[in-house]
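**Student:** predicted coordinates and the sequence they were generated for:
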Amino acid sequence: MKNKPIKKIGVLTSGGDCPGLNAVIRGVVRAAAERDWEVIGFADGYEGMITPVRYRKLDPNGVDSIMPMGGTILGTTNRGRFVAKVGAGNKATIPKAILSEARETFEGLGLDALVCIGGDGSLSTALQLQKAGIPVVGVPKTIDNDLNATAMTFGFDSAVAVVVDALDRLHTTARSHKRLMVVEVMGRHAGWIALHGGLGGGADVVLLPEIPFQMDKLVQLIKNRTQDGFGSTMIVVAEGAKECGKELSTKKAKLRAKGEVRLGGIGERLAEQLEMLTGQEARSVALGHLQRGGTPSALDRILATRFGVGAVRLIEQRKFGQMVSYLQYHVGGVPIAKAVGTLRTVDANSETVAAARSVGISFGDR
Ligand code: F6P
């Protein structure tokens, strides 16, 4: 039987925002227009697909200037009725009534496919929609860079650039005051932002979720540095980093999904402890959502544009249930299920970690 031609597609952005989302939307709209397809964008992620349904028509002129804009013109949420993963990745089943309502909206609008731009939670939702009868393609998005089956996600490079810029600024004040400077960065349970930000920003210590650190080793290292004449020490700590034998540092949040854990606070605690244990003055800075906001880097704009066009190509080839991925310098497609099963974390024995050790970065483990 011949396939019904594609005429109209939907697009949505879901989960935490990330630099490059608008560049993906622009890529989808322009590549779709080239094929004479119509595009509508749902507001606030999957939530826009159910009561009150909210969407708008997207045309090439309307997305002309959105490439350098941070955030997403469509709005997004990492809460609500479509949450498919909570905490460190526990799966949640979306109620059938919600999935059916989304499918009715999709069919009522005469859509032929849905582009879901999101991280592992949002792509898990996409899979549940696919099972409920909506043809989806995914676009991997996260500053954390922790998705499997793609060598890189857009947003990561921009987040790392923020960390590097912050370290450049913090080095000068830390050196002037001969202080310990602790910089907490995002990344959830993966240390990519900390590792790359620390490498690019010339950190002395990088603490990762993948390499539990020992406080006594850290204290000794700082004392040795002081003896060797280094006045200051720059410590980058991932929000998901852990001291050996201790719990993750979490924040209390009133509004949170069942089982959801909000990471954060390790930087401040670490600075207090190190000041006490070394006798050297310490300060801490949590970069927080600065890493998610603002204009995307050139690399992220390019990757995001290629991902948007790649998503349209997947629809054209009717590769539903797949997401675009960047592997060996090529944008292709992989099953979404392959990307959302497990998180991609830093390999403690990787060449990058070894290179960091070779330039004198300590991971607080030796
Ligand atoms: O997954 C992206 C991310 O920015 C994490 O690095 C961070 O832990 C989390 O989202 C913060 O989410 P929220 O927007 O709920 O504060």
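**Tutor:** Great, that's in hand. Residues are numbered from 1 along each chain as shown.

**Student:** tally of neighbours for residue 135?
**Tutor:** The burial metric for residue 135, expressed as a neighbour count using other Cβ atoms under 10 Å, is 18. Any C-beta I mention is one placed from the backbone N, CA and C, and that applies to glycine too.

**Student:** that one contacts residue 107, doesn't it?
**Tutor:** No. With contacts counted by Cβ atoms under 8 Å, residue 135 stays clear of residue 107, the gap being 11.2 Å.

**Student:** could you find the closest non-adjacent residue to residue 217?
**Tutor:** In this structure, residue 217 finds its nearest non-sequential neighbour in residue 364, 5.6 Å apart by Cβ to Cβ, 6 or more residues apart in numbering.

**Student:** phi, psi of that neighbour?
**Tutor:** Main-chain torsions, residue 364, degrees, to the nearest 10: phi 70, psi 20.

**Student:** next one: phi and psi at whatever residue of the stretch 51-200 of the chain ends up closest to the ligand?
**Tutor:** For the stretch 51-200 of the chain, the residue closest to the ligand is residue 186, as judged by Cβ to the nearest ligand atom, at 3.2 Å. Backbone dihedrals for residue 186, given as degrees, to the nearest 10, come out at phi -80, psi -170.

**Student:** count of residues packed around it?
**Tutor:** Taking other Cβ under 10 Å as the neighbour definition, residue 186 ends up with a count of 28.

**Student:** and the spatially most central residue of the chain, how far from residue 305?
**Tutor:** Geometric centre of the chain, nearest residue: residue 142, 2.1 Å, by Cα atoms, centre = their mean. Computed with Cβ to Cβ, to the nearest Å, the distance linking residue 142 and residue 305 is 18 Å.

**Student:** isn't the residue of the stretch 51-200 of the chain closest to the ligand right up against residue 239?
**Tutor:** Yes. At 5.7 Å, residue 186 and residue 239 qualify as touching, with contact defined as Cβ under 8 Å.

**Student:** any idea how far the nearest residue to the residue of the stretch 51-200 of the chain closest to the ligand once chain neighbours are set aside lies from the ligand?
**Tutor:** Residue nearest to residue 186 in three dimensions, not counting chain neighbours: residue 291, with 5.2 Å by Cβ to Cβ, 6+ apart. Residue 291 sits 7 Å away from the ligand, taking Cβ to the nearest ligand atom, to the nearest Å as the criterion.

**Student:** got the contact list for residue 32?
**Tutor:** With contact set as Cβ atoms under 8 Å, 6 or more residues apart in numbering, residue 32 has these partners: 9, 38, 39, 312.

**Student:** my read: residue 337 touches residue 127, true?
**Tutor:** Yes. Under the criterion of Cβ under 8 Å, residue 337 makes contact with residue 127 at 6.3 Å.

**Student:** give me the more crowded residue out of these two.
**Tutor:** Between residue 337 and residue 127, counting by other Cβ under 10 Å, residue 127 is the more crowded of the two (20 against 15).

**Student:** now do the same contact list for the more buried one.
**Tutor:** Residues in contact with residue 127, defined by Cβ under 8 Å, 6+ apart, are 84, 136, 321, 336, 337, 340.

**Student:** overlap in contacts, residue 337 and residue 127.
**Tutor:** residue 321.

**Student:** low-confidence regions, this structure specifically.
**Tutor:** Counting by pLDDT under 70, the low-confidence segments of the chain come to 1, 84-90, 253-260.

**Student:** domains for the chain, by residue range?
**Tutor:** Residue ranges of the domains in the chain are recorded as 8-154+296-339, 159-292, according to automatic domain parsing.

**Student:** TSV for those, including distance to residue 352?
**Tutor:** Listed next are those as TSV, based on distance: least, Cβ to Cβ, whole Å:
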stretch	distance to residue 352
domain 8-154+296-339	12
domain 159-292	6
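
**Student:** out of those, the one nearest residue 348 is which?
**Tutor:** Residue 348 sits nearest to domain 159-292 of all the domains of the chain, at 5.1 Å, using Cβ to Cβ.

**Student:** span of that closest one from start to end?
**Tutor:** Terminal residues of domain 159-292 are spaced 6 Å apart (Cα to Cα, to the nearest Å).

**Student:** mind listing what's buried along the helix or strand that residue 125 is a member of?
**Tutor:** Taking DSSP states H and E as the definition, one finds residue 125 inside helix 120-131. When neighbours are counted by 16 or more other Cβ atoms under 10 Å, the buried residues of helix 120-131 are found to be 120, 121, 122, 123, 124, 125, 126, 127, 128, 129, 130.
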